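Q: the following block contains a protein sequence and its predicted model.
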Amino acid sequence: MSEETLEKERRFHDAWAAAIDVDGIRVADYFEACTAPENRFILQELRDIRGKRLLDLGCGAGENSVYFAKQGAQTVATDYSPGMVAVALQLAASQGIEIEGRTANAMALDFPENSFDIVYASNLLHHIPDPKIALQEMHRVLKPGGKACFWDPLKHNPVINVYRRMATEVRTEDEMPLDINLINYIKSLFSETAYDTFWLATLWIFLHFYLIEKVDPNQERYWKKIILEQERLASTYQRLEKLDGLLKKVPGIKRFAWNLAVVATK
């Protein structure tokens, strides 16, 4: 990634950070809401994290860092955006939680080998031209037996690709959603890999936002809206999630999901 591209990413996320209302963040929803299936999958795989040293890569506003700290993890929140790190620390303080915050480049982590029990990354890898580099760094800083967990969007679904072409003001132009075949590389790097994909029929909610509710995709981030309004969306989501479960049994369909979630053991 060129210095110019990195600087654009930093400016975009610093500007976003400046607009975040920390008081409006409901931390638990990002992991426990029905509309957060990726994090629910990750939590199921991680199980008890009390006392674990955890690195949150691309921490954003800090929802993940604070949630993990509340579950008893020793959390280090890192982001390439200093503004986002500041927001994460502010959120932690508002919740009465202590976390460490540091600015970091996921492709060149300033941590020694075998430093963490868990490395977590939410919506990070698709901001990196070669996610394999970040995965190598995640593997390097993990202790033996440690777990790398992440979730990111996939590139294969035509509905989401139309949304991406519309939502230009809430995304950076250099984003590169992942290819499902990245799983093969992860399996070669780690000793064990568990993964699943999410949002197939459930993507009707996105279409409903746009076609029925007329929500401007450049005024509201749909991927935030599904969390913020999870109570209103719950009955629709849960019905469609059952259909997703059936669809994913069809060979080749998983690649057309919106998001991929992975938990890999070193």
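A: Here it is on my side, so go on.
Q: how close does Gly146 sit to Trp204?
A: Applying Cβ to Cβ, to the nearest Å, the value for Gly146 to Trp204 is 38 Å. Heads up, the C-betas are built off the backbone N, CA and C, glycines and all.
Q: next one: Ala93
A: Following Cβ to Cβ, the distance that separates Ala93 from Trp204 is 39 Å.
Q: of those two, who's got more company?
A: Trp204 (17 against 14; other Cβ atoms under 10 Å).
Q: helix or strand: which one has that one?
A: Following DSSP states H and E, one finds Trp204 within helix 204-207.
Q: what do you get for Cys149?
A: Per DSSP H and E: strand 142-153 holds Cys149.
Q: can you pull the buried residues of that strand?
A: By neighbour count on 16 or more other Cβ atoms under 10 Å, the buried set for strand 142-153 is Leu142, Gly146, Lys147, Ala148, Cys149, Phe150, Trp151, Asp152, Pro153.
Q: can you show me the helices along the stretch 1-150 of the chain?
A: Along the stretch 1-150 of the chain, counting by DSSP state H, counting those that start in this stretch, helices occupy 3-18, 29-32, 37-46, 63-70, 82-94, 131-141.
Q: just checking, what packs against the third one?
A: Spelled out, it's helix 37-46. Other helices and strands packing on helix 37-46, by 3 or more Cβ pairs under 8 Å, 6 or more residues apart in numbering; DSSP states H and E, are helix 29-32, strand 116-122, strand 142-153, strand 192-198, strand 259-265.
Q: could you do the fifth one as well?
A: Counting contacts by 3+ Cβ pairs under 8 Å, 6+ apart, helix 82-94 is packed against helix 3-18, helix 63-70, strand 74-79, strand 100-103.
Q: what does stretch 171-186 contact?
A: By Cβ atoms under 8 Å, 6 or more residues apart in numbering, the residues outside stretch 171-186 that reach it are 5, 8-9, 12, 125-129, 131-132, 135, 152-156, 160, 164, 193, 195, 197, 254-255, 260, 262, 264.
Q: narrow those residues to those that are buried.
A: 9, 12, 125-128, 131, 135, 152-154, 156, 160, 164, 193, 195, 197, 254, 260, 262, 264.
Q: what ranges of this structure fall below the confidence cut-off?
A: 1-8, 10-18 (pLDDT under 70).
Q: show me what the residue nearest the centre of the chain is bridged to.
A: In the chain, the C-alpha closest to the average C-alpha coordinate belongs to Ser122, at a distance of 2.0 Å (Cα atoms, centre = their mean). Per DSSP bridges, the residues bridged to Ser122 are Trp151.
Q: list the contacts for it?
A: So Ser122 contacts Asn39, Asp56, Gly58, Gly60, Asn64, Phe150, Trp151 (Cβ under 8 Å, 6+ apart).
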